[in-house]
Every structure is written in C-alpha cells, then in structure tokens.
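A.B. asks: Predicted model, plus sequence, below.
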Amino acid sequence: DAGVIQSPRHEVTEMGQEVTLRCKPISGHDYLFWYRQTMMRGLELLIYFNNNVPIDDSGMPEDRFSAKMPNASFSTLKIQPSEPRDSAVYFCATKGLRNTEAFFGQGTRLTVV
Amino acid sequence: QKEVEQNSGPLSVPEGAIASLNCTYSDRGSQSFFWYRQYSGKSPELIMSIYSNGDKEDGRFTAQLNKASQYVSLLIRDSQPSDSATYLCAVSEGGSEKLVFGKGTKLTVNP
C-alpha cells in the first residue's frame, strides 16, 4: 500500500479564494482524521470520520471550513473563503481498528497571502 | 478538549546518552497512548504505542505508562544524532477514537 496520499503537497492562494485539500486513505482503514499543524498551536484535530460518516467536527474552526468523505477512498477539506490565518500544514491520518495507531499522509502546506 | 502537556524543550543530550521525554494528560478515561517522531518538514511517524501500565521496550526505545499519575514517558537509550527531531505524545480521548496531541518536545542529540 502506498500509505495515506494527500494532494497537493503545497498550495499558495490569495485571501478570499477557495481551497480544496484531498486525501486518499490506506485501503481498509475505517477512520480518517484531518489535523492542522502550526508552530503556535501544534497539531489540532479538525474533524474525524468513521466509515465515511463525520463523528466529531468540534475542532473545525468556523463555518468557512467543511469536510466530506463521499466514499471510503477519498476525503476533502475545503476552506471558503480562505484567510491568511489559515496558513498551516494540514495532515490527513487514517487508522484501521479501534485503539490502534494512526498513519499520517505527507501533509499539505497551505499559504494564504 | 482534553489536554496533553509536554515540555517544549529544546532538550539537548550528547550522543550515547539517555534522552527522557515526558507527557501528562488530563483525561482519566484515556486508554491508548502513542509516541510519534516528526523530523522538520516531515509528517509524524509512530515510534511506540502503549496501552497498559508499566514499561514497553522496542530496541533503544522504552515507553512507560502510569495511569494513576496520568503520565507517559519515552526513554531513548544510546541516543544518536539521527534521533534529533520533535517527539509528539498522543492520547486517545476516553470513549472515542479522537487522538489528542501534545505540542511536542524538540530533541537535539549532539555528536
């Protein structure tokens, strides 16, 4: 398996534009997590899915952020409109069984100017 | 949100020494505990997982868990310069699969 695949690896966009980040989980993994990492706040959980269903989105900072998982092979995190304070590295992570470790994708470095 | 606390460091040790990294957590219902290593510009990768009180050893790494004290630690024996990275403690929230991370401890191993 190629592991968790995220795209794009880098994204530079202007304030106010829509940004879509993509994640392909490891095949067979039922849990998918979206994290945001900044120097100030560390790794913050934004939302996680189980079997394509959103379970906890309490970490989503505001209505400008939305996430979907239309099938077991694909998830998106969308920011609309983007703001400079959204600049961060966004990680997707997945895991299989309960109480096991999560595996991270390579991340998307987002810069909003 | 439940909290996971780590000393931010930086922690600096000489090559060959033992590096000790500590983590405390607030949720008494937590059942799963993990240590991840993150090199600069890279994604976190799992080093150790521990689920019950006591020690768990894997090569040069030993994880220690004390649920009564809500404390997790990671010992790295015979530290190498390649161990220089940020170490993240992660704890599952009780009753869920949500993984909460500490902000990490930056370790530097000096040759």
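C.D. replies: Cool, got the structure. Numbering: from 1, shown residues only, chains lettered A, B, ... in the order given.
A.B. asks: How about the residues of chain A by chain B?
C.D. replies: By the criterion of CB under 8 Å from any CB of the partner chain, the positions of chain A lying close to chain B are A:31, A:33, A:35, A:41-43, A:45, A:48, A:50, A:55-56, A:58-59, A:91, A:93, A:95, A:98-107. C-beta here means a position set from N, CA and C on the backbone, and glycine is covered the same way.
A.B. asks: got a pLDDT number for the nearest residue to B:R28 once chain neighbours are set aside?
C.D. replies: If the residues on either side of it in the chain are set aside, B:R28 comes closest to B:Q70, at 6.7 Å by CB to CB, 6 or more residues apart in numbering or on different chains. Reported pLDDT at B:Q70 in the predicted model: 96.
A.B. asks: hang on, the earlier thing: among the residues of chain A next to chain B, which are located in helices?
C.D. replies: Helix and strand membership here follows DSSP state H; of those, not one is in helices.
A.B. asks: Just the buried residues of those.
C.D. replies: In terms of neighbour count (16 or more other CB atoms under 10 Å in any protein chain shown), the buried residues within the residues of chain A next to chain B are A:31, A:33, A:35, A:42-43, A:45, A:48, A:56, A:59, A:91, A:93, A:95, A:100-107.
A.B. asks: quick one: which of those sit in strands?
C.D. replies: Taking DSSP state E as the definition of strands, these contribute A:31, A:33, A:35, A:42-43, A:45, A:48, A:56, A:91, A:93, A:95, A:103-104.
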